[in-house]
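A.B. asks: sequence first, then the predicted structure, then my questions.
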Amino acid sequence: MEFEIVIGLEVHAQMKTKSKIFCSCSTEFGKPPNSNTCPVCLGMPGVLPVLNREVVESAIKLGLATHCQIKRRNVFARKNYFYPDLPKGYQISQFDLPICEHGHLDLEAEGKARRIGITRIHMEEDAGKLIHDDRAIASYVDLNRAGTPLLEIVSEPDIRSPQEAAAYLRKMHAIVTYLDICDGNMQEGSFRCDANISLRPLGQEELGTRTELKNMNSFRNVEKALEYEVRRQRDILLDGGSIVQQTLLWDPDKQVTGAMRGKEEAHDYRYFPDPDLVPVVIDQPWIDGVEANLPELPDQRLARFMDTMALGREEAAILTSERGLADYFEAALAEYDNPRKVANWIMTEVMRVLKGEEGMAIALFPVTPANLGRLLALVDQGLISGKIAKTVFEEMILGGRDGATIVKEKNLLQVSDQGEILTLVREILAANPEQVQQFKEGKSKVMGFFVGQLMKASKGKANPQMANELFSQELDK
């Protein structure tokens, strides 16, 4: 029996506001436990929440960027459940009247264009954090995160593979960071997701029993967790068993999922409108003002890179996949206006280093875009060869210095003196009569051997173009 995979994602994006959603406490990450708290986010009796306007504006931005309908009137609700990191005994969220509905996201995955529906985007507050002490039978509660503003983005169950799920997440991550409403840091929990997944016999309309996956803190972990769950569910169904609706935790070390609890439904939370918060009413001029000031989004930037810089779609897609990477590319172009060469260096040399450092952010890359542009200009000016440029680049990574200084310090200037190179050319030809004869017999690949010998003799500093010309000139005699 063949099965169809059905996946829906719930993404939580933490807003880049300085204060929490219903109080003035700081949202700064990494502060001492329970220091970013006040009576409001601690849920003390008698306190009243006051909505942060910037959170509403961030929700409007994301709704417009994902083609949603912005609900002019939306309402906060109480989501009731009891857990140690939820001081009020309920979470302020939105239920039947969210701020954004009926949007979509277009993406490419596995060579196919796909449109994934977005059911809703709503505002809510985050819960606190439980810290478990392995050395003692104890857990601690840190409520610094309680009340931090979140936007929850709920997709339609339109995703059909783990690879599509990862592509959807990457695209959503790019959008929230381009909008500058979320820093996108998955390690710190600023951008995280839960996945609902089920299998159904191919051709069946009715959805299968789903499980929910949590604790996935990277795009790769999301993909791996879903692949594992697909295998697990398929094996159960093929053996004639039934899927239990439950919440599962992904263990990235063991590469398996484990049961956490039974899967809740909406009625389990006993949603009702929050009596302490009035409905949010958004007028059209506010929406129009936000729309007029939206930044260039990933798809728009990709199209511009292709149209104005003659980049291929694959190149443009890589460069625009992260706002920081696209900004780095354009900043390098301001110093060295050759899109193809800059793109090639970023996608090979720069990204090689970023990936090698377990996901180093481009913002932390030690070679500034201006210094990269100046390095490439040195090659164009004939001052260094492309090979030497890569050696200089490695030095720039280690020390963060500019290329010209390194070239001067290490005496790496390219040798372009025709007389000096001609002397070496003649010495190499005289020392290798067998290869000279092979070349004269039509074996043109021997030229690579000659140039290699010259580069070795000059310690990589000889001008390779001039070397080729001089070898050809001498061999034609």
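C.D. replies: Great, that's in hand.

A.B. asks: bridged to the closest residue to Cys68 other than its chain neighbours, which residues?
C.D. replies: Distances taken as CB to CB, 6 or more residues apart in numbering put Gly103 closest to Cys68, at 3.3 Å, once the chain neighbours are dropped. (Glycine included, C-beta is placed from N, CA and C.) Beta-bridge pairing for Gly103 (DSSP bridges): Ile118.

A.B. asks: and for Gly103, the neighbour number?
C.D. replies: As a burial measure, Gly103 scores 23 neighbours (other CB atoms under 10 Å).

A.B. asks: which residues touch it?
C.D. replies: Gly63, Thr66, His67, Cys68, Gln69, Gly117, Ile118, Ile121 (CB atoms under 8 Å, 6 or more residues apart in numbering).

A.B. asks: tell me which residues in the helix or strand containing Glu108 are buried?
C.D. replies: For Glu108, the host element (DSSP states H and E) is strand 100-109. Residues of strand 100-109 classed as buried: Cys100, Glu101, Gly103, His104, Leu105, Leu107, Ala109 (neighbour count, 16 or more other CB atoms under 10 Å).

A.B. asks: all strands for the stretch 251-400 of the chain, in order.
C.D. replies: In the stretch 251-400 of the chain, the strands defined using DSSP state E, counting those that start in this stretch lie at 256-262, 272-273, 280-281.

A.B. asks: in terms of secondary structure, what does the second one contact?
C.D. replies: Helices and strands touching strand 272-273, by 3 or more CB pairs under 8 Å, 6 or more residues apart in numbering; DSSP states H and E, are strand 77-80.

A.B. asks: show me what the helix or strand following the strand it packs on packs onto, helices and strands only.
C.D. replies: Following strand 77-80 in sequence order, the next helix or strand is strand 90-93 (DSSP H and E). The helices and strands touching strand 90-93, judged by 3+ CB pairs under 8 Å, 6+ apart, are strand 77-80, strand 112-125.

A.B. asks: Three-state assignment for Glu434, please.
C.D. replies: helix (DSSP: H, G, I helix; E, B strand; the rest coil).

A.B. asks: ugh, wrong one, I meant Gly452
C.D. replies: Gly452 ends up helix, using three-state DSSP.

A.B. asks: quick one: mean pLDDT for the strand holding Glu108?
C.D. replies: Averaged over strand 100-109, pLDDT sits at 95.

A.B. asks: export that strand to CSV, keeping only CA atoms.
C.D. replies: Output of strand 100-109 as CSV, limited to C-alpha atoms (Å, rounded to 0.1, in the frame of the first residue of the first chain):
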residue,chain,number,x,y,z
CYS,A,100,-4.5,37.4,9.8
GLU,A,101,-6.2,34.6,7.9
HIS,A,102,-6.2,32.9,4.5
GLY,A,103,-2.7,33.6,3.1
HIS,A,104,-0.2,31.5,1.2
LEU,A,105,3.5,31.0,0.7
ASP,A,106,5.0,30.1,-2.7
LEU,A,107,8.1,28.0,-2.7
GLU,A,108,10.2,25.5,-4.7
ALA,A,109,11.1,22.1,-3.3
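
A.B. asks: could you give the angle of it to strand 112-125?
C.D. replies: Calculated by axes from the mean of the first three to the mean of the last three CA atoms, to 10 degrees, strand 100-109 forms an angle of 140 degrees with strand 112-125.

A.B. asks: sorry, back to before: between the buried residues of strand 100-109, which sits nearest Arg313?
C.D. replies: Nearest to Arg313, judged by CB to CB, of the buried residues of strand 100-109 is Leu107 at 13.4 Å.

A.B. asks: so who does that closest one touch?
C.D. replies: Per CB under 8 Å, 6+ apart, neighbours of Leu107: Ala113, Arg114, Ile116, Glu164, Ala167, Tyr168, Lys171.

A.B. asks: nearest residue to Ile397 in space, please, no chain neighbours.
C.D. replies: For Ile397, ignoring the flanking residues on the chain, the nearest one in space by CB to CB, 6+ apart is Pro366 at 5.6 Å.

A.B. asks: now that neighbour: how far from Thr177?
C.D. replies: Going from Pro366 to Thr177 by CB to CB, to the nearest Å gives 21 Å.

A.B. asks: and these two? which has more neighbours close in?
C.D. replies: A count of neighbours by other CB under 10 Å puts Thr177 above the other of Pro366 and Thr177, at 21 against 13.

A.B. asks: pretty sure that one belongs to a helix, no?
C.D. replies: Yes - the assignment for Thr177, made by three-state DSSP, places it in a helix.

A.B. asks: helices or strands next to the longest helix along the chain in the packing?
C.D. replies: Counting residues, the longest helix in the chain under DSSP state H turns out to be helix 219-238. Under the contact definition 3+ CB pairs under 8 Å, 6+ apart, helix 219-238 sits against strand 3-14, helix 162-178, strand 191-201, strand 211-216, strand 246-251, strand 256-262.

A.B. asks: hey, C-alpha coordinates of the first one in PDB?
C.D. replies: The one in question is strand 3-14. Presented in PDB, the C-alpha positions along strand 3-14 are these (Å, rounded to 0.1, in the frame of the first residue of the first chain):
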ATOM      1  CA  PHE A   3       0.700   6.400   1.500                       C
ATOM      2  CA  GLU A   4       0.400  10.200   1.100                       C
ATOM      3  CA  ILE A   5       2.200  12.300   3.600                       C
ATOM      4  CA  VAL A   6       0.200  15.200   5.100                       C
ATOM      5  CA  ILE A   7       2.100  17.800   7.100                       C
ATOM      6  CA  GLY A   8       1.000  21.100   8.700                       C
ATOM      7  CA  LEU A   9       3.400  23.400  10.500                       C
ATOM      8  CA  GLU A  10       2.900  25.800  13.400                       C
ATOM      9  CA  VAL A  11       5.700  28.300  13.400                       C
ATOM     10  CA  HIS A  12       6.400  30.500  16.400                       C
ATOM     11  CA  ALA A  13       8.300  33.700  15.600                       C
ATOM     12  CA  GLN A  14       9.500  35.800  18.500                       C
END
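
A.B. asks: got the angle for that strand vs strand 112-125?
C.D. replies: Here the directions of strand 3-14 and strand 112-125 differ by 40 degrees (the same axes, to 10 degrees).

A.B. asks: which elements pack onto strand 3-14?
C.D. replies: strand 149-155, helix 162-178, strand 191-201, helix 219-238.

A.B. asks: mind giving me the packing neighbours of the shortest one?
C.D. replies: Spelled out, it's strand 149-155. Judged by 3+ CB pairs under 8 Å, 6+ apart, strand 149-155 is in contact with strand 3-14, helix 53-65, strand 112-125, helix 162-178.

A.B. asks: JSON lines for those, including mean pLDDT and distance to Pro39?
C.D. replies: Shown next, in JSON lines, are the helices and strands packed on strand 149-155 (pLDDT from 0 to 100; distance: least, CB to CB, whole Å):
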{"stretch": "strand 3-14", "mean pLDDT": "97", "distance to Pro39": "22"}
{"stretch": "helix 53-65", "mean pLDDT": "98", "distance to Pro39": "20"}
{"stretch": "strand 112-125", "mean pLDDT": "97", "distance to Pro39": "15"}
{"stretch": "helix 162-178", "mean pLDDT": "96", "distance to Pro39": "31"}
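
A.B. asks: just put the helices and strands packed on strand 90-93 in CSV and tack on mean neighbour count.
C.D. replies: As requested, the helices and strands packed on strand 90-93 are exported to CSV (neighbours: other CB atoms under 10 Å):
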stretch, mean neighbour count
strand 77-80, 20
strand 112-125, 20
